[in-house]
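1. Sequence below, structure please.
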Amino acid sequence: MKRTVFTSCLLMMGSMIFAQNILEVKDNSQPNDVFSSANDEAAVVIHCHKSIPLHFSSTMDKTVEPFRTEVQGNDSVYYLSFPTGSRYRGRQLMISSSSYAFVTIDLELQPKQLLSFLVFDPNSTVDAGCYRTHRNKGIEEIKSSNYREARNHFILARECSDCDTTENNINIALTDSLILFRQKGDEAYELLDYVTASNFFAKVVSLNNLDDYATTLYNNCIRKFADDCSSLFSKAEYYYSEKEYDKAKELYEKVIARECRNQTLASERLNSMTTLERAKRDHARVFTYEFRKDVPFGFSYGKYNIHKVGGFFQMDFNSTVFDAIRSDCIYGDEKFPELNMAFGWTIKIAANIVWIHVGPGVTTKFYYGTYQSKKFPEVGYGETSLLDTNKMGNDLSIPKTSFSSDDYEDAWKKTNVAFAISPVIGVTAKYSYFAFRLTYQYRWAVQSKLEKFMGNSRLSVGVGVAF
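-> Down below sits the predicted model:
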């Protein structure tokens, strides 16, 4: 608490030092002073050093001009007269001078009254006395950032008989703080510790905003700090993209420790690397070869996390798909191109060994011939034995009709697509680097007449690696 109050005093003193020049007023009036005038007027006499010319205005009078001005020693003396009476109650006299803030005197004047005031610059070294002379010189040295010279003046002021001990101790403490903060800032700057250096230089500027040296180095620190942060983050990003996570992690941690502008993104990168490292340690990624009836070629890839839900993707197909791509499939073929795809979620259910996987899927099968438009190949068009087997079932029987050879070719190779919605559910067991999957697939044919063609369900078995 004491330190907080003391710091506040220093900041207050620093702000007072660099405010606009001020004037102070001292009332030197004597009770028996009388102003001789023919009317019910009163007079005010203002004394001020001749180096500070004064101007006057009033809240009750249109103009305020001295009726006499004279020089007495080093002072200029201004004589002002004012009318009195109840209508002039609350009069305020404003006194101003170039480069000074104006000062106000409240005047409640009575007829024939004579008041006398001394106006002076409390920070002037002219005729200021021992203490004020050294104090004001010390303040001027602070303005010039010559802190050790300023401290010397305050030490000398301490020996003056008119010394204001409380004020002088605060001034000495102010210079001690300025000297210390600049020294610490310089040391940190030499060590390239721009954060610490900027903090110290900021303290100097807060106490003396006229210190160009501290202001310049503070701005340099901010710029160099930003450059260093940018360089660190760029290097970290490079190592991250190259998957050199150990090097990237070290640099991201520096970005965060220095509280750089990119510290939020650096934290996200660290979290991502932590997740990847945990997945690698737990062998969370699983790749398996999948076998299913009629579609022997398949694979599955997924994330089987210990602490959170993962995901998977599964696809299988048969070799007839490649024949379909080459347009080598015709009506009467005994095998049909088939493709299955599924994706979904993985959830651990037992002892870091068994997971359940579930999700939506789709099945596509192709069959050939123009069954619905009543344009069918005629029995005996080069494929009599295949046509007679009638593999497609009763609903797809082959009426006999006559077509040209072009009609035959188009009709036999016309592609028809059958769809089924195929959600899947299953279990995955993995231990160390080995993984085993068992998946049940339910099929709901989009066209009910193709239900038997598509089948109601399938099982698939997968064997693979966890890494």
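2. Nearest spatial neighbour of E277, chain-adjacent residues omitted?
-> Y245 (7.1 Å; C-beta to C-beta, 6 or more residues apart in numbering). (Each C-beta comes from the backbone N, C-alpha and C, glycine too.)
3. Helices of the stretch 1-150 of the chain, residue ranges please.
-> Along the stretch 1-150 of the chain, counting by DSSP state H, counting those that start in this stretch, helices occupy 2-17, 130-143, 147-157.
4. Please disregard the earlier target; I meant the stretch 151-300 of the chain.
-> Per DSSP H, counting those that start in this stretch, the stretch 151-300 of the chain carries helices over the ranges 165-190, 194-207, 212-241, 245-257, 263-281.
5. so what's the residue nearest to E277 scoring on pLDDT?
-> Y245 carries a pLDDT value of 90.
6. how much space between it and E41?
-> As defined by C-beta to C-beta, to the nearest Å, Y245 lies at a distance of 92 Å from E41.
7. out of these two, which sits in the more crowded spot?
-> More crowded of Y245 and E41, by other C-beta atoms under 10 Å: Y245, with 19 against 16.
8. quick one: contacts for the more buried one?
-> Residues in contact with Y245 (C-beta atoms under 8 Å, 6 or more residues apart in numbering) are Y239, M273, L276, E277.
9. Now the second one. Nearest residue, chain neighbours left out?
-> Translated: M273. Nearest to M273 is Y245, by C-beta to C-beta, 6+ apart, at 4.9 Å.
10. And the chain, what are its domain boundaries?
-> 22-120, 223-281, 285-369+414-466 (automatic domain parsing).
11. just those: most buried one?
-> Counting by mean count of other C-beta atoms under 10 Å, domain 285-369+414-466 has the highest mean neighbour count of those, with a mean of 17.
12. give me the beta-bridge partners of T363?
-> N340, A420 (DSSP bridges).
13. Check the contacts of Y245 and tell me the two furthest apart.
-> By the measure C-beta to C-beta, Y239 and E277 form the most distant pair in the contacts of Y245, at 14.4 Å.
14. Which pLDDT value does the model give L387?
-> For L387, pLDDT reads 40.
15. Equivalent analysis for D406, please.
-> Note on D406: pLDDT of 51.
16. now swap in K449 and tell me
-> Per-residue confidence at K449 stands at 81 (pLDDT).
17. And what about it, helix, strand or coil?
-> Three-state call for K449 (DSSP: H, G, I helix; E, B strand; the rest coil): helix.
18. just the one 4 residues further on next, same as before
-> Put simply, F453 is helix when judged by three-state DSSP.
19. What is the end-to-end distance of stretch 292-308?
-> In stretch 292-308, first residue to last residue: 29 Å (C-alpha to C-alpha, to the nearest Å).
20. Look up the pLDDT of the residue nearest to L217 when sequence neighbours are not counted for me, please.
-> Once flanking residues are discounted, L217 sits nearest to F201: 5.2 Å by C-beta to C-beta, 6+ apart. F201 carries a pLDDT score of 95 in this model.
21. what does the one 5 residues further on give?
-> For S206, the model assigns a pLDDT of 93.
22. all strands of the stretch 301-450 of the chain, in order?
-> Ranges of strands in the stretch 301-450 of the chain, per DSSP state E, counting those that start in this stretch, are 310-317, 338-350, 354-359, 361-368, 415-421, 424-431, 434-442, 444-445.
23. so can I have TSV of those showing mean pLDDT?
-> Formatted as TSV, the strands of the stretch 301-450 of the chain follow (pLDDT from 0 to 100):
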stretch	mean pLDDT
strand 310-317	95
strand 338-350	94
strand 354-359	96
strand 361-368	89
strand 415-421	88
strand 424-431	95
strand 434-442	96
strand 444-445	94
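24. quick one on the thing from earlier: closest to V119 out of the helices of the stretch 151-300 of the chain?
-> Nearest of these (C-beta to C-beta): helix 165-190, 21.3 Å.
25. From the contact counts, what lies against that closest one?
-> Applying 3 or more C-beta pairs under 8 Å, 6 or more residues apart in numbering; DSSP states H and E, we find helix 165-190 packed against helix 2-17, helix 130-143, helix 147-157, helix 194-207, helix 212-241.
26. Figure out which of those helices is closest to R281.
-> helix 212-241 (18.9 Å).
27. quick one: the closest one to helix 194-207, angle?
-> Here the directions of helix 212-241 and helix 194-207 differ by 150 degrees (axes from the mean of the first three to the mean of the last three C-alpha atoms, to 10 degrees).
28. Distance from helix 212-241 to the middle of the chain?
-> Distance of helix 212-241 from the chain centroid (C-alpha atoms, centre = their mean, to the nearest Å) equals 16 Å.
29. avg pLDDT for it?
-> Mean pLDDT, computed over helix 212-241, is 92.
30. other SSEs contacting it?
-> So helix 212-241, by 3+ C-beta pairs under 8 Å, 6+ apart, packs with helix 165-190, helix 194-207, helix 245-257, helix 263-281.
31. what's the least confident stretch among the helices of the stretch 1-150 of the chain?
-> helix 2-17 (a mean of 50).
32. How much space separates the residue nearest to E277 from R135?
-> 62 Å.
33. so how far is C260 from the residue nearest to E277?
-> Distance from Y245 to C260, by C-beta to C-beta: 19 Å.
34. ditto for D227
-> With C-beta to C-beta as the criterion, D227 and C260 are 11 Å apart.
35. cool, and G361?
-> From G361 over to C260 the distance is 46 Å, taken as C-beta to C-beta.
36. right, and the helices and strands packed on helix 165-190 - which one's nearest L54?
-> helix 130-143 (20.4 Å).
37. Just want the angle from that closest one to helix 194-207.
-> Using the same axes, to 10 degrees: helix 130-143 against helix 194-207 is 140 degrees.
38. Enumerate the positions of helix 130-143 that are buried.
-> Neighbour counts using 16 or more other C-beta atoms under 10 Å place Y131, R132, T133, H134, R135, N136, K137, G138, I139, E140, E141, I142 of helix 130-143 among the buried residues.
39. Please identify which of the residues you listed is nearest to L118.
-> R132 (14.3 Å).
40. Using PDB, write out every CA atom in stretch 239-247.
-> Only the C-alpha atoms of stretch 239-247 are listed here, as PDB (Å, rounded to 0.1, in the frame of the first residue of the first chain):
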ATOM      1  CA  TYR A 239       8.800 -26.600 -38.500                       C
ATOM      2  CA  TYR A 240       5.100 -27.300 -37.900                       C
ATOM      3  CA  SER A 241       4.400 -27.700 -41.600                       C
ATOM      4  CA  GLU A 242       7.400 -30.000 -41.900                       C
ATOM      5  CA  LYS A 243       6.100 -32.000 -38.900                       C
ATOM      6  CA  GLU A 244       9.300 -31.400 -36.900                       C
ATOM      7  CA  TYR A 245       7.100 -31.000 -33.800                       C
ATOM      8  CA  ASP A 246       9.900 -30.900 -31.200                       C
ATOM      9  CA  LYS A 247      11.500 -27.800 -32.800                       C
END
